[in-house]
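Novice: sharing a model that was predicted from the sequence below.
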Amino acid sequence: GESVGLHLPTLSVQEGDNSIINCAYSNSASDYFIWYKQESGKGPQFIIDIRSNMDKRQGQRVTVLLNKTVKHLSLQIAATQPGDSAVYFCAESIQGAQKLVFGQGTRLTINP
Amino acid sequence: DAGVIQSPRHEVTEMGQEVTLRCKPISGHNSLFWYRQTMMRGLELLIYFNNNVPIDDSGMPEDRFSAKMPNASFSTLKIQPSEPRDSAVYFCASSFQREGGPQFFGPGTRLTVL
């Protein structure tokens, strides 16, 4: 593989702990936000999404928080498991558009 | 339920050759997206279709790239002629056409141009 490229932020957590992955966005016109999980050799997998009229949404073991004041999005994973190891991407969609703009991703590693 | 299907999963070709990547979206979805992912540039949108019509191709790198969607269940991305810098993983995704909604990705095609 390539040896030079994007340096992904990395988050290491102990198995069983909660993980918080953060994402900053810059466009105040964005009104839809989404998190994806990408495991090695696979395509991005939809985890959870949220619209700008909400500030929190919960799924199974995951919670997304949206702070529009500071343009910040976070993904919380409860009781992290080895299978949660992956690169996590946030993406945003600008009002009136279908296109998703992806962040660079965060690599989550789970320590046994 | 079948997700987005892409073929081939891996493609190795020589510079100058034509490459065709194929995608079958999720049944019932009417929007289809082609992305390219590299270590250097991350995930980039190349083109997307609504109801088989190309809507935005501003991400297509150059004239060597072309995409078609002849019907609701099939799309192709063609590179002719291919170059080593085209080496990447190419993803297809589909969704329901609407403002702000999840896109569902296929497994990708890993392209290597020698």
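Specialist: Cool, got the structure.

Novice: which parts of chain A are helices?
Specialist: Ranges of helices in chain A, per DSSP state H: none exist.

Novice: could you list the residues of chain B in contact with chain A?
Specialist: Counting by CB under 8 Å from any CB of the partner chain, chain B comes close to chain A at B:4, B:31, B:38-43, B:45, B:48, B:50, B:55-56, B:91, B:93, B:95, B:97-108. All C-beta atoms are positioned from the backbone trio N, CA, C, and that covers glycine.

Novice: try it again with 6 Å
Specialist: Contact residues (CB under 6 Å from any CB of the partner chain) of chain B with chain A: B:39, B:40, B:42, B:43, B:91, B:99, B:100, B:102, B:105, B:106, B:107, B:108.

Novice: so which of these comes closest to residue A:72?
Specialist: Within those, the smallest distance to residue A:72 is 18.3 Å, found for residue B:100 (CB to CB).

Novice: tell me which residues in stretch B:29-40 are buried?
Specialist: For stretch B:29-40, the neighbour count (16 or more other CB atoms under 10 Å in any protein chain shown) marks B:29, B:31, B:32, B:33, B:34, B:35, B:36, B:37, B:38 as buried.

Novice: kindly apply the preceding question to stretch A:50-60 instead.
Specialist: The neighbour-count check on stretch A:50-60 (16+ other CB under 10 Å) flags A:50, A:52 as buried.

Novice: just the CA coordinates of that stretch, formatted as PDB?
Specialist: C-alpha atoms of stretch A:50-60 as PDB (Å, rounded to 0.1, in the frame of the first residue of the first chain):
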ATOM      1  CA  ILE A  50     -29.100  13.200  12.500                       C
ATOM      2  CA  ARG A  51     -30.800  16.300  11.100                       C
ATOM      3  CA  SER A  52     -30.100  19.800  12.200                       C
ATOM      4  CA  ASN A  53     -33.400  20.100  14.000                       C
ATOM      5  CA  MET A  54     -32.100  17.600  16.600                       C
ATOM      6  CA  ASP A  55     -29.200  17.700  18.900                       C
ATOM      7  CA  LYS A  56     -29.100  14.100  19.900                       C
ATOM      8  CA  ARG A  57     -30.100  10.700  18.500                       C
ATOM      9  CA  GLN A  58     -29.600   7.300  19.800                       C
ATOM     10  CA  GLY A  59     -29.200   3.900  18.200                       C
ATOM     11  CA  GLN A  60     -28.000   0.500  19.400                       C
END
